[in-house]
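A.B. asks: A structural model of the following input is requested.
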Amino acid sequence: MLKLKTAVVLAPFALLSPAVCFADVDTSAWLCESCPFESGYRGDVEAGAIYVSDDAARFGNATGLDEEGAYANLEGDGSYAKDGYRLDWSLDNLGLDSRALQISGGLQGKFGFDIAYKEMPYRLFDSTQTIYDSVGSNSLTLPGGWVPASSTSGFTALESSLHPQNIGSDRQIFDLGGHWFATERLRVFADFQRQNRDGYKISSGASFTQATLLPRWFDYETDQIDAGAQYATDTANFGLAYHGSFFTNNNNSVRWETPFLSAPGADVLQKSVAPSNDFHQILLNGMLRTSAWDTVLAFSIANGRGEQNEAFLPYTINPNITAGALPVASLDAQVDTSNYALTISSRPFPKGRVHFSYRYDDRNNKTLQSDWNRVIVDIIDAGAEQNTPYSFERSKLGLSGDLTVWKDIVVSGGYEHKVLNRDYQEVAEQTTDAGWGQVRWSPLNWLELRAKGGTEERDIDRYNETVAADLGQNPLMRKYNLAYRFRAYGELTVSVAPSTSNWSLGLTTMLADDAYDKSQLGMRSGDEFRATADLSFKISDNASAYLMIGQEEMEAQQSGSELSASADWSAINTDTFNHYGIGARWKPADGKFDFRFDYNRGDGETKINIDSQSGGASALPDLQSTLDSVRIEGGYRFTERLYGTLDLRMERFELSNWALVGPDTLPTILTLGAQPYDYDLWAIGVGIRYGFGGEKPALN
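C.D. replies: Below is the predicted model of the structure:
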């Protein structure tokens, strides 16, 4: 098949010797693969069924295949084009909770539109249980006959009161957008998106020394608007846009009856959750290209404001506590944001290019401070304190470049300087300096080696121990994100792809070391190692195979104090992850059959070793997970327009997690009894796809 660009390359030779180039050449079979002048209609529609062998929340996450049984399914896509007008449509998984529909169209160079609807299921646990009635409202009540106790072992009605309650949610997204070319260079656009998300989360309900995990129902709604205009010339473009986000929480509080014995008046508790809020932003951006040193300049300026003014709940609903009136009925919160960015990329000489970047971000929290009374777990009136309007300023300056020092050797390097200023935190100013270098060597056209390394130092002006003490922290403690850190890393990549062979190989290894040398308590060090290998092999013109292996290991060491003094205990966390994959694809030359096989295995292990002066050396139980996944896909063409599909998936997942325990395993915490994932299932899908209009459809 001869592409159009091939003919363009041959055209100059035709001027010199037309007899040589065009004598006895049959052009009837030549095809322009890039021509956009499609006309008429075409479409594919597939109807099928899927059967899942067992219930498994994790397997159904994002797919909707979380329950045993059969699912009908319908999907397809198509298009219609005529006289420059075009209409495209697609349907995906209409029989599942992960369904999606999209319609787009317009007139090339004049206008266009998009309409889309999508559902996204999120499945976390299907093994959870609760004692509460009225689940699905913002008021959780205990079952009749419930007998409170000081510990879970005293809940005599626990077993008879438990009933299943899955944890998960569903998200629906509707999107409507369009654009219009007012002139050849001016484009106007607008997009509206609405997201609805509802379901159940696990929420904690504290009652002084006891706690209850609650199946909290939530109902979120988010509207997002983007609109603006873009103007483009041959050497520049500019845009002005508006972004608006409007979040509404239709269930902004939760009230529950505590199952434990409680202080007088504290048998019913209440807390607020995420408040409704709005955000508005105006954005101006642009790009300018000049022939001087092949320079490209780009910038963006954005200013926004976030607001939140939800009515407050009372300090407490305990009638025995008199906390006084709220200083204001609502927060009337306001946060202004500013974001500025500038990049310049230039080639001052043929073999070198430099890149400069600068970015500034400011979050100015203008929320007023007030004196508030603290009522701890609806029992203790702890006196007054002020709310803290956190703000920050962040800037980043970067300079990088690359230089071809020899025909097959390219040297690159870069430097970054970052400054972060915070309000009301232990560290007021934090600076980070980072540098890196890289060498890329291609001694042969089928071999490339790349070595990269660098260092990064994060420094602080000083750690304000007074702020830490006011927060009830050990003055020697250093939070990992606020502490001094020195990081060094290196990476090596090898790519081998001989043009005369049927195989290619890629190897990558990375090593990084983090040192928190100035911290006595907190994170002390961290190491990371990663290695991967990818091998692909072409068996024949119609068959190929691949193999991949990867390993990652991370180790972190921290120190702490039991007596609020110097370090008297330490812990080492070691995380190890392995991944293996193998697969093959076969598609005979006649195009009637298509087969694909993929097998993936992943396993992870976390070890936590502890050494303390009071308890000596000990270890927590290992956290382990193993996933085996097999997928076989195939298709067979019965006629030019009719073919069948087969999709077989087998998956086994085992998880060992000591943090997931039964409802009454812990004496002072009533849990929902979520069990570690442990399933072994298969799912099979069959379908018939029919193509209409246009040319015969191709196998997927």
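
A.B. asks: now do the buried residues in the strand or helix carrying I572.
C.D. replies: Secondary-structure assignment from DSSP states H and E places I572 in strand 569-586. For strand 569-586, a neighbour-count test (16 or more other C-beta atoms under 10 Å) marks 569, 571-577, 579, 581, 583-586 as buried. Where you see a C-beta, it was placed from the backbone N, CA and C, and this is true even at glycine.

A.B. asks: what strands line up against that strand, and which way round?
C.D. replies: Strand partners for strand 569-586, identified by DSSP bridges, are recorded as strand 543-560 (antiparallel), strand 593-612 (antiparallel).

A.B. asks: check the offset of it from the chain's centre.
C.D. replies: 20 Å (C-alpha atoms, centre = their mean, to the nearest Å).

A.B. asks: state the mean pLDDT of that strand.
C.D. replies: Strand 569-586 carries an average pLDDT of 97.

A.B. asks: stretch 441-456 too?
C.D. replies: 95.

A.B. asks: residues contacting E393?
C.D. replies: Neighbour list for E393: 360-363, 419-421 [criterion: C-beta atoms under 8 Å, 6 or more residues apart in numbering].

A.B. asks: are any of the residues you listed buried, and which?
C.D. replies: Using 16+ other C-beta under 10 Å, the buried ones in the contacts of E393 are 361-363, 420-421.

A.B. asks: inside strands: which ones of these?
C.D. replies: With strands taken from DSSP state E, the overlap with those comprises 361-363, 420-421.

A.B. asks: okay, helices next: where are they in this structure?
C.D. replies: 4-16, 18-22, 57-60, 158-161, 465-470 (DSSP state H).

A.B. asks: follow-up on the earlier one: including distance to G48, could the buried ones among the contacts of E393 go into TSV?
C.D. replies: Below are those laid out as TSV (distance: C-beta to C-beta, whole Å):
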residue	distance to G48
D361	49
D362	53
R363	50
L420	53
N421	58
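
A.B. asks: what stretches of the stretch 351-500 of the chain score poorly on pLDDT?
C.D. replies: Across the stretch 351-500 of the chain, nothing is flagged by pLDDT under 70.

A.B. asks: show me where it has its strands.
C.D. replies: 352-365, 371-376, 380-386, 392-406, 409-422, 429-444, 447-460, 477-478, 485-496 (DSSP state E, counting those that start in this stretch).

A.B. asks: please work out which of these is packed deepest.
C.D. replies: The highest mean neighbour count among the strands of the stretch 351-500 of the chain, using mean count of other C-beta atoms under 10 Å, belongs to strand 477-478: a mean of 22.

A.B. asks: strand partners (parallel or antiparallel) of that strand?
C.D. replies: Counting by DSSP bridges, strand 477-478 is paired with strand 521-540 (parallel).

A.B. asks: before we move on, back to that, any chance of a markdown table for the strands of the stretch 351-500 of the chain, columns distance to G154?
C.D. replies: Shown next, in a markdown table, are those (distance: least, C-beta to C-beta, whole Å):
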| stretch | distance to G154 |
| --- | --- |
| strand 352-365 | 46 |
| strand 371-376 | 24 |
| strand 380-386 | 24 |
| strand 392-406 | 48 |
| strand 409-422 | 47 |
| strand 429-444 | 50 |
| strand 447-460 | 50 |
| strand 477-478 | 37 |
| strand 485-496 | 48 |
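
A.B. asks: of those strands, which approaches Q308 most closely?
C.D. replies: When the strands of the stretch 351-500 of the chain are compared by C-beta to C-beta, strand 352-365 sits nearest Q308, at 11.2 Å.

A.B. asks: what is the neighbour count of the residue lying closest to F593 once chain neighbours are set aside?
C.D. replies: Nearest residue to F593, sequence neighbours excluded (C-beta to C-beta, 6 or more residues apart in numbering): Y636, at 5.6 Å. Y636 has 14 neighbouring residues, counting by other C-beta atoms under 10 Å.

A.B. asks: separation between Y636 and L646?
C.D. replies: 8 Å (C-beta to C-beta, to the nearest Å).

A.B. asks: tell me, how many residues neighbour R194?
C.D. replies: 14.

A.B. asks: got it, and A674?
C.D. replies: For A674, using other C-beta under 10 Å, the count is 22.
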